[in-house]
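S.K.: Quick one: sequence and predicted model below, then my questions.
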Amino acid sequence: MGEAKTVIGVIGGSGVYEIDGLEDARWQDVQTPWGAPSDQILTGRIGEVAMAFLPRHGRGHVHSPSSVPYRANIDALKRLGVTDVISVSACGSFQEAMAPGDFVIVDQFVDRTFAREKSFFGPGCVAHVSVAHPTCARLGDACEAAAAATGVRTHHGGTYLAMEGPQFSTLAESRLYREVWGCDVVGMTNMPEAKLAREAELCYASLAMITDYDSWHPDHGEVDVTEIIATLTGNASNARDLVARLPAGLGPDRAPCPCGCDRALEFALMTAPDKRDPEVLARLDAVAGRVLGAPDKG
Ligand SMILES: CSC[C@H]1O[C@H](OP(=O)(O)O)[C@H](O)[C@@H]1O
Ligand SMILES: Nc1ncnc2[nH]cnc12
C-alpha cells in the first residue's frame with residue numbers, strides 16, 4: 001500500500017474567495033448525494049501538496065450562513081481526497097486582547113445554531129462521534145507555525161460561539177456570550193461545519209480573523225457590515241498568506257492523525273448491519289466509506 005498523501009482543503013469565509021500560489025489550478029464541479037456544494041471547487045497544488053479551495057458562501061457571496069450547504073461542502077472535499085480542512089472565518093471578538101486584524105486558532109465551540117442539517121447520519125444508519133475536542137491539534141499547530149511566519153498577531157486557542165444569524169447579536173446576547181459563557185469569538189458558520197468534518201473523519205482547524213468587537217465594547221459601538229468589510233479588505237491577504245505557507249509545514253506525506261480525527265467513525269456506528277438502509281448507506285459512500293466498505297450493488 002502506498003504512503004498516505006496530504007490533501008489540504010480550504011474553506012474560505014467572508015472576504016476570502018480565492019487563494020494564492022496554486023499551480024495547475026482549475027475550478028471543477030463536484031456532485032454529492034447531499035446536493036451541490038456552495039460553488040465549484042478550485043483544485044491545484046502548492047509544491048508537492050494537493051489543495052482544494054471552496055468559497056463557503058460561493059463566489060459573489062450568494063449563501064447566507066443558514067443556507068450554506070454544509071453537508072455537500074464537507075462531502076465534496078472528502079470526495080476529492082482532502083485529508084485536512086482549514087476553515088477561514090471572519091469573527092467578532094469578545095476579548096479586548098483579541099483585536100481586529102488578529103488571528104485566533106479556535107479550538108472549542110458553543111453551538112447555538114438551530115436551522116441547519118447537522119449530521120450525515122440518521123434513520124437507516126445512526127452514528128455518534130465525539131466532538132469533545134472538535135478541532136485537530138496537529139493541524140492547529142501547523143496553522144500556528146504558518147501564522148507566525150506571516151507576522152500577524154495570533155492567539156492559540158479560543159472558544160467560538162456559533163450563532164444562527166443572519167442578524168448580529170443583541171447587546172444582551174453579546175454580554176451573555178462574553179461575561180457568562182466565557183466565549184472568545186463569535187461567528188455564524190463554523191457549526192455544523194466542524195461536526196460534519198469530524199463525522200467525515202477529516203482533520204479540521206479553524207482560523208478566525210477578527211474583524212470587530214461585536215456589540216459589547218463600550219468604545220466601539222455596535223458592529224456593522226461596513227466595519228467588517230473594511231477590516232477584511234485590509235486583512236484577508238494575511239489569511240491567504242497563511243494558507244499558502246501551510247503545505248510546506250504539513251508536507252506531502254501524511255502520518256495518521258495523532259488525535260484520531262481520521263478514525264472518528266471507528267466505534268461510532270450504532271445501527272446493526274442487517275438493519276442499515278442501503279439507500280442511506282449509498283449516500284455515505286464518501287464520508288463513511290472507510291468503515292462501511294464498498295456499497296452493495298445488489
Ligand atoms: C460579513 S459579516 C457576517 C458573516 O461573516 C462571517 O462569515 P464566515 O464565517 O463565512 O467568514 C460570519 O460567520 C457571517 O456569515
Ligand atoms: N460580530 C460578529 N458576529 C457574528 N458574525 C460575525 N462575523 C464577523 N463579525 C461577526
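M.R.: Right, received. Where do you want to start? Ligands and ions are numbered 1, 2, ... in the order given.
S.K.: Skipping adjacent residues, who's closest to the closest residue to ligand 1 within the stretch 1-150 of the chain in space?
M.R.: Per CB to the nearest ligand atom, Gly13 is where the stretch 1-150 of the chain lies closest to ligand 1, at 2.3 Å. All C-beta atoms are positioned from the backbone trio N, CA, C, and that covers glycine. Nearest residue to Gly13, sequence neighbours excluded (CB to CB, 6 or more residues apart in numbering): Ser89, at 4.1 Å.
S.K.: and Val106, what is it in contact with?
M.R.: 135, 157-160, 184-185, 190, 206-208 (CB atoms under 8 Å, 6 or more residues apart in numbering).
S.K.: Wait, the residue of the stretch 1-150 of the chain closest to ligand 1 touches Asn73, no?
M.R.: No - counting by CB atoms under 8 Å, Gly13 does not reach Asn73; the two are 11.8 Å apart.
S.K.: residues touching Val10, list them.
M.R.: Counting by CB under 8 Å, 6+ apart, Val10 has contacts 19, 51-54, 85-86, 88, 243.
S.K.: Would you mind writing the CA trace of the one helix or strand it maps to as CSV?
M.R.: Using DSSP states H and E, Val10 sits within strand 7-12. Output of strand 7-12 as CSV, limited to C-alpha atoms (Å, rounded to 0.1, in the frame of the first residue of the first chain):
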residue,chain,number,x,y,z
VAL,A,7,-4.5,17.0,0.6
ILE,A,8,-5.4,20.3,2.1
GLY,A,9,-8.9,21.7,1.8
VAL,A,10,-9.5,25.3,2.5
ILE,A,11,-13.0,26.7,3.2
GLY,A,12,-12.8,30.4,2.6
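S.K.: That one: what's the following helix or strand?
M.R.: Taking DSSP H and E, what comes next after strand 7-12 is strand 23-28.
S.K.: List the strands paired with that following strand, with their directions.
M.R.: strand 41-46 (antiparallel) (DSSP bridges).
S.K.: Sheet-wise, list the partners of the helix or strand following the partner strand with their directions.
M.R.: Downstream of strand 41-46, the next assigned helix or strand under DSSP H and E is strand 49-55. Applying DSSP bridges to the sheet, strand 49-55 is found paired with strand 7-12 (parallel), strand 41-46 (antiparallel).
S.K.: contacts for strand 49-55?
M.R.: 5-12, 16-19, 22, 37-39, 41-45, 73, 76-77, 80-82, 247, 250-252.
S.K.: Okay, now the unreliable bits of the stretch 151-298 of the chain?
M.R.: Along the stretch 151-298 of the chain, the model assigns pLDDT under 70 to residues 295-298.
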